[in-house]
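Quick one, fold the following:
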Amino acid sequence: MVQRNNMQLTRSRGFTLIELLMVIALLGVLATLILFSVRNISPHTRDSRRKQDLDQIRNSLEMYYTDNESYPGGIVFGDSLKDSSGKVYMQKVPLDPKPTGYNYVYDVDDSRQSYTLYACIEDPESRDDYTEITDEGINCGTSCNNHCWLPIESPGK
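Okay, the predicted model is just below:
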């Protein structure tokens, strides 16, 4: 604001509209970059997480087997793993780190004396380290072309 009456020029302090728009645009660009970097966690990182998850599930299943002399008839991923007495072996059975189109699979035999855990491996370069399963009855998700990888078997299998 300019006052001319007193022969003294004073200006109010603050940011101009252009400066504010530049700051807002810069913040928008930074937010977009951060969003994409967090969203695009590498497939290799998710594959490592899958292996860790299945190892944790396997450990819980072995504790279950030790107490019950059989493996559970089924697992609800995302829910707790308990036996019929209510003893909790895992607070929350993990879900696949990429929930859209990917699933973990727990396949137990009829006698409940052996099982196999499956997951989909996303990173094509990592697939050589794992065995591909194309059994019609096993489905690790549509994004995996219904092919499962990374089988983890019970010790007795």
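
Check the gap between Leu54 and Gly78 for me.
Leu54 sits 15 Å away from Gly78, going by C-beta to C-beta, to the nearest Å. The C-beta positions use only the backbone N, C-alpha and C, and glycine is treated the same way.

Of these two, give the one with the bigger neighbour count.
The neighbour comparison of Leu54 against Gly78 (other C-beta atoms under 10 Å) goes to Leu54, with 19 against 12.

Give me the buried positions along the one helix or strand the more buried one maps to.
Leu54 belongs to helix 43-68 when elements are defined using DSSP states H and E. The neighbour-count check on helix 43-68 (16 or more other C-beta atoms under 10 Å) flags 43, 46-47, 49-51, 53-54, 57-58, 60-61, 64-65 as buried.

what's the farthest-apart pair in these?
Farthest pair in the buried residues of helix 43-68 (C-beta to C-beta) is Pro43 and Tyr65. Separation: 32.2 Å.

residue boundaries of the strands in this protein?
Secondary structure of the chain, counting by DSSP state E: strands at 81-82, 88-90, 105-108, 115-119, 149-153.

Out of these, which is closest to Thr32?
When these are compared by C-beta to C-beta, strand 115-119 sits nearest Thr32, at 31.3 Å.

what's the closest one packed up against?
helix 43-68, strand 105-108, strand 149-153 (3 or more C-beta pairs under 8 Å, 6 or more residues apart in numbering; DSSP states H and E).
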